[in-house]
Structure formats: structure tokens, C-alpha cells
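**Student:** How does the following fold in three dimensions:
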Amino acid sequence: MSITISVKQETDKEGILFDVPTDWEDITLDHWSKLSTIIRKHQKNSDLKKESHKDKYKDFDDIEKILEDVEFFDNIALNKDIFCFLSGISQDDIKRVDMKQVNKVIDTIGALTEEYKPKGTRSFELDGETYYFPSEALRKNTYGDFIESTQLDMTIDHMENGRFDVLPEQMAILCRRIDEEYDDELIAEKAKKFKKLTMDIVYEFAFFLTIQSNRLLKISNMYSERKEIV
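**Tutor:** Numbers count the residues shown, from 1 in each chain. Predicted structure coming up:
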């Protein structure tokens, strides 16, 4: 469960209360997409800065120390942006926040940096309805549905939030209520609704989809090898 943190600024006696996620079930796909975009942006800028410094200071004996300093200050900037995003405090107001409180928030969400361990979930509740992952070997979904959903992976590099922009639509195509038939016109609406799902469910689906993809790829390879022998 998330925890509530009170942050006091120099001119604020009451303090600002906001929730900080401590587990994947505390944060929605939509919220995590925006947060991960902030993280990726900083990582990309940091990598570019390091490459620039490697070239600029390549003859310096203490080049490693220079790169460590770059990483240190980039991490401070990243932590500040994460804190502002989670708390709603502006970039100007954060200047009046004690650094210890910023670090407390960053340390609290540390669990979200750990690799997710799947639990084997095969269904989820949303808005009072139960949706199911495709049945084993996708028997209740056509092969075309699966191909359509996996082809979306090719668009990941062009998406603002990477794979997190693709997963809602993949889930909208493959995850259905027990009596639901596929309807292409409803996919966009379902995908928008699925952005409210928490990340534990989203990661369960991502693992499930990866397993199914590997199985179908293995079957396809076996068929191709057999065909060559014949």
C-alpha cells in the first residue's frame, strides 16, 4: 500500500500531504508511464553528457572522477523531478523543501526499481467487471488477434512512453470478459480504460504475453524445420 508523506516548506506550517507508491499495485499504468518518461529522459541526457565528457576530457587522468560527478549531479536533478511529479510541488517551490524530505520520498519508491516477480495472474477486475487473459495457447482468441497485438511492438520506439503506450492496446485486443466478442471499434475505448489498471496487473500481462510469444515462436520454428526435412 502507498504511504502518505507530509512535506513542509519554509513558508508552509501545515505541510503538503501526498501519497507515495511503495508497490506496483499502488501506481496506475498512466501514472507510471509519465514517471518512467521522466526517468528515461534523464538517463538519455546523462548518457549523452557522459559521452561528451569522455571525448572532451579523454586526456585527463581523473576522467573517471569527472564522469562520477556528472552522474551525481544528474541523479540529484532526476530525484528533484521525480519528487515534483509525485508531490505536485513546482520546480520553484521545491527550492524551499529540505533535501532530506526529497531523499525520503525517493527512498520510499525504491521498491519500484526492483524487477517485478510474476504471480501467475490470469484475470483482473476493472470498473466492476472481470477481464481474462487469453486462455492457454490462445484457444479463445484468433491467431490474427495475437499477431495484431504483437505487431504493435514495432511502434514502441516512436511512442512517447515506449512500451507503456502499447500495452493498453495489446490488453484491449486480447483481454476480454467471459462473454465478450472481439470488436475492433471498441479497442481504443478499452485501451483508454485500461490505463487505469495498476502496474502489477500490467506486468502480469506483459509476462504472460512474452511466454505465449515464445511458445508460438517455438512451434513455428519446429514447423519450419519439419517442412524443410519433408
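
**Student:** Please report how far residue 108 lies from residue 52.
**Tutor:** Residue 108 sits at a distance of 33 Å from residue 52 (criterion: C-beta to C-beta, to the nearest Å). All C-beta atoms are positioned from the backbone trio N, CA, C, and that covers glycine.

**Student:** Would you mind telling me which of those two has more residues around it?
**Tutor:** Higher neighbour count among residue 108 and residue 52: residue 108, with 16 against 11, using other C-beta atoms under 10 Å.

**Student:** what does the strand or helix carrying that one contact?
**Tutor:** Following DSSP states H and E, one finds residue 108 within helix 99-108. For helix 99-108, contacts defined as C-beta atoms under 8 Å, 6 or more residues apart in numbering pick out 3, 5, 7-8, 20, 22, 79-80, 82-83, 86-87, 94.

**Student:** just how off-centre is that helix within its chain?
**Tutor:** 21 Å (C-alpha atoms, centre = their mean, to the nearest Å).

**Student:** Partner strands of the helix or strand just after it, with direction?
**Tutor:** Where DSSP H and E defines the elements, the next helix or strand beyond helix 99-108 is strand 123-126. Strand 123-126 pairs in its sheet with strand 129-132 (antiparallel), by DSSP bridges.

**Student:** quick one: least confident helix or strand in the chain?
**Tutor:** Within the chain, no helix or strand scores below helix 143-151, which has a mean of 53 by mean pLDDT, DSSP states H and E.

**Student:** Pull stretch 171-191 out as CSV, backbone CA atoms only.
**Tutor:** Taking Å, rounded to 0.1, in the frame of the first residue of the first chain, the C-alpha atoms of stretch 171-191 are listed here in CSV:
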residue,chain,number,x,y,z
MET,A,171,-4.5,-5.7,-23.5
ALA,A,172,-7.6,-4.2,-25.1
ILE,A,173,-7.2,-6.6,-28.0
LEU,A,174,-6.5,-9.8,-26.1
CYS,A,175,-8.2,-9.4,-22.6
ARG,A,176,-11.9,-9.9,-22.6
ARG,A,177,-14.9,-10.5,-20.4
ILE,A,178,-16.2,-14.1,-20.4
ASP,A,179,-19.0,-13.3,-22.9
GLU,A,180,-17.2,-10.7,-24.9
GLU,A,181,-16.6,-10.9,-28.6
TYR,A,182,-13.8,-9.0,-30.4
ASP,A,183,-14.9,-5.6,-31.7
ASP,A,184,-12.3,-3.5,-33.4
GLU,A,185,-14.4,-0.4,-32.9
LEU,A,186,-14.2,-0.7,-29.1
ILE,A,187,-10.4,-1.2,-28.9
ALA,A,188,-9.5,2.5,-28.5
GLU,A,189,-12.1,2.9,-25.8
LYS,A,190,-11.0,-0.2,-23.9
ALA,A,191,-7.3,0.8,-24.2
